Every structure is written in structure tokens, then in C-alpha cells.
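1. from the sequence below, what's the structure:
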Amino acid sequence: MAYCQGCGHYIGDYSAYRHNIPGKGALVLCYQCRHWAERHPGRTKFPAREIIPQQQTRRVRAYGSLYMMGAVGLFALGVFMLTRGNHFKTGLLLILGAVSLFSIGLGMRRFANR
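-> Here you go, the predicted structure:
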């Protein structure tokens with residue numbers, strides 16, 4: 001794993017991103033801040049906190065809303081399957097999936113709002 005020393009963004013350590021710079025060795029280019037990073041800079045854990053650009057915040061919020069709307073539809077389908085009688089287990093699994101999908105979408109929206 002490689003993190004940029006300039007901005008702390010994860011830049012990967014794949015051979016496709018690696019470049020051999022004469023006199024410096026194998027370096028990886030961070031496409032966020034255009035800084036060259038070493039392959040193994042010694043930082044093995046995630047950065048403490050990263051500020052998300054506004055465009056990515058809107059994208060995360062939009063996907064969170066889609067997850068929540070999908071969860072409502074999945075919940076309705078689960079209730080419909082439960083009331084039919086012969087698909088009790090399937091309906092229960094759909095409701096549990098809807099609850100988890102809703103919580104994921106809610107977490108994404110909370111993450112985007114902070």
C-alpha cells in the first residue's frame with residue numbers, strides 16, 4: 001500500500017501506476033495532488049481524516065439517497081411476500097436486507113453531511 005506524502009490520499013502500489021524515475025527509483029504518481037510518492041513510504045494505516053471535495057460529497061449523498069429509496073421498495077416487497085403466506089422466509093430476508101440497505105444509505109448521507 002502506498003499513500004501520498006503530500007495529501008495522504010491512497011494511491012495504490014500496482015505496477016501499472018509505478019514509474020522508474022532516473023536517479024530516484026520506482027515512484028508512484030498521486031493523481032490528486034500531482035506529487036511523486038515512494039512505493040512504501042512507511043505509512044501503513046489510513047490517514048486520520050480526509051476532507052472530501054464538494055463533487056464527491058454530492059455523489060456520496062446521491063448514492064445514499066438511491067440506497068434509501070431502494071430499501072423502501074425492498075421493504076414493501078418483503079411485506080408483500082410476508083402477507084402472501086407461503087413465502088414467509090423470503091419476505092423476512094427481504095425485510096432484513098432492506099433494513100441493512102437503509103442503514104448503509106443513511107450512513108453514507110451522514111458521512112457526506114459531516
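2. okay, now the domains of the protein?
-> 1-42, 54-113 (automatic domain parsing).
3. lowest-confidence stretch among those?
-> Mean pLDDT is lowest for domain 1-42 out of the domains of the chain, coming in at a mean of 64.
4. before we move on, the earlier item: a markdown table for the domains of the chain, including mean neighbour count?
-> Where you see a C-beta, it was placed from the backbone N, CA and C, and this is true even at glycine. Formatted as a markdown table, the domains of the chain follow (neighbours: other Cβ atoms under 10 Å):
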| stretch | mean neighbour count |
| --- | --- |
| domain 1-42 | 14 |
| domain 54-113 | 15 |
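5. was I right to think residue 112 contacts residue 55?
-> No: here residue 112 lies out of contact with residue 55, judged by Cβ atoms under 8 Å, at a distance of 11.4 Å.
6. which residues of the protein fall in helices?
-> Taking DSSP state H to define them, one finds helices in the chain at 54-84, 88-113.
7. which other helices and strands contact the first one?
-> Put plainly, it is helix 54-84. helix 88-113 (3 or more Cβ pairs under 8 Å, 6 or more residues apart in numbering; DSSP states H and E).
8. can you pull the phi/psi pair for residue 33?
-> phi -120, psi 10 (degrees, to the nearest 10).
9. returning to that earlier point: turn the helices of the chain into a markdown table, columns for distance to residue 33.
-> Shown next, in a markdown table, are the helices of the chain (distance: least, Cβ to Cβ, whole Å):
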| stretch | distance to residue 33 |
| --- | --- |
| helix 54-84 | 15 |
| helix 88-113 | 22 |
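10. how much space separates the closest residue to residue 61 other than its chain neighbours from residue 104?
-> Closest residue to residue 61 apart from its sequence neighbours, by Cβ to Cβ, 6 or more residues apart in numbering: residue 112 at 4.1 Å. To residue 104, residue 112 is 13 Å away according to Cβ to Cβ, to the nearest Å.
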